[in-house]
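> Turn this into a structure:
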Amino acid sequence: MKRTLIAAAVAVLATGSAFAQSNVNIYGRINASVESQKDGDQSKNVLQNNASRIGFKGTEDLGGGLKAGFVLEAGFDIGNGQAQPSFFGRESNVYLEGGFGKLRLGNMGPTAAYFATADYISMHNHDTGTSEDKFYLYPGNATNMIAYTSPSFGGLVVEAQYGLKEAGTKDTIVLAANFDRGPLHLGFGYVDGPTAIGGVGLDDTKEIGIRGLYELGAFTVGAYWIRNTGDAPGLDLERDAWRLSGMYAFGNNELHANVGGAGKVKSNGNSLADTDATQWTIGYNYNLSKRTKVYAFYTKVDNSANIDYAVTSGPGNDFSSIAVGLRHNF
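Numbers count the residues shown, from 1 in each chain. The predicted structure is shown next:
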């Protein structure tokens, strides 16, 4: 009898705890494509995973305009079901939000600077898979991070992030800003943290970038420019990157095109020969519903002789892929 009463009490407490969490949602994206890829002289057919994920997020109303919440997001390979890169490795953080803005602690995934620049204009397949932006360097470390996001000031939202190095080599400092006014969307990003430029790993590196996107009826156009710099004893590296993207939507159809470039790597002020590259992509999406798309694209990265963006076969080789895919959000 006592065991029955105890079990009942535990069940009641558990139920009460569940109801105290005012809003818990499961969400995710399943995104896969069948592709014919060419890496240098090597060709293969693959089932390509494109950042599939499942996540859990919840909020609790604490009263007085204050709420608490969390995000736990796990990536996985749809081809074999394995976690990518690790369990809840995509994002895992807890936050407080109110009139003062939002304070988050944990793993943010990519930095706010990435979302304010490169990610924002990657419209055709959410900057995933083989057609992703191959020239963004993902500087810094977005794990073990303290992040603050301001309220909106007339369309301007500012975010500051500080990533603790812990066992790493250097802390990460991130500043980002997004401005939205009608059809105009502007972004700015700054990162001070470790990364690699031209295949050289550096601790003391910085990135600064700007982005613009404009919606004009059925047409949407966007662009960004980024400069990466890095210092080490006897070495001063610099590199610029840019991208221009466009979309034309009619009915359930979307036509996409983008082109990007990585400039020559400069070492101590001197350009290194044949270290530039270009990437271009054309794509078509058909919206079966608000959550489901079928799509096709062709993407190609052209590397100069001494650089190897997107390829595993060595410097100077190119990468290309022709793909058809299915993406479903839930």
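
> what helix or strand is Ala74 on?
With secondary structure defined by DSSP states H and E, Ala74 is part of strand 66-75.

> Kindly report the same for Ala147.
Using DSSP H and E, Ala147 falls in strand 145-149.

> Mind listing residues that contact stretch 305-320?
By Cβ atoms under 8 Å, 6 or more residues apart in numbering, the residues outside stretch 305-320 that reach it are 37-42, 130, 134-135, 198-199, 262, 265, 272-277, 279, 298-304. C-betas here are computed from N, CA, C, even on glycine.

> before we move on, what about stretch 71-89?
If you take Cβ under 8 Å, 6+ apart as the criterion, stretch 71-89 is touched by 30-32, 47, 49, 51-57, 90-93, 95, 107, 109.

> For Gly40, list the residues it contacts.
Going by Cβ under 8 Å, 6+ apart, Gly40 touches Val311, Ser313, Gly314, Asn317, Asp318, Phe319.

> does the nearest residue to Ala116 once chain neighbours are set aside sit in a helix, a strand or a coil?
Counting by Cβ to Cβ, 6 or more residues apart in numbering, Ala116 lies nearest to Gly187, which is 3.7 Å off, once chain neighbours are set aside. Assigned by DSSP: H, G, I helix; E, B strand; the rest coil, the conformation of Gly187 is strand.

> wouldn't Gly187 be in contact with Arg211 here?
Yes. If you go by Cβ atoms under 8 Å, Gly187 and Arg211 touch, sitting 3.8 Å apart.

> what residues do the two have in common as contacts?
Taking Cβ under 8 Å, 6+ apart as the contact rule, the neighbours common to Gly187 and Arg211 are Ala116, Thr117, Tyr120, Tyr224.

> Nearest to Leu156, out of the residues you listed: which one, please.
Closest to Leu156 out of the shared contacts of Gly187 and Arg211 is Ala116 (11.9 Å), distances taken as Cβ to Cβ.

> Do I have it right that the closest one meets Phe188?
Yes. The criterion here is Cβ under 8 Å, and Ala116 meets it with Phe188 at 6.3 Å.

> So between the two, which is more surrounded?
Ala116 (26 against 17; other Cβ atoms under 10 Å).

> Over to the more buried one: give its phi and psi.
phi -80, psi -10 (degrees, to the nearest 10).

> give me every residue that touches it.
Contacts for Ala116 (Cβ under 8 Å, 6+ apart) come out as Glu159, Ala176, Ala177, Asn178, Gly187, Phe188, Gly189, Gly209, Arg211.

> try His256
Neighbour list for His256: Met123, His124, Ser245, Gly246, Met247, Thr281, Ile282, Gly283, Tyr284, Asn285, Phe297 [criterion: Cβ under 8 Å, 6+ apart].
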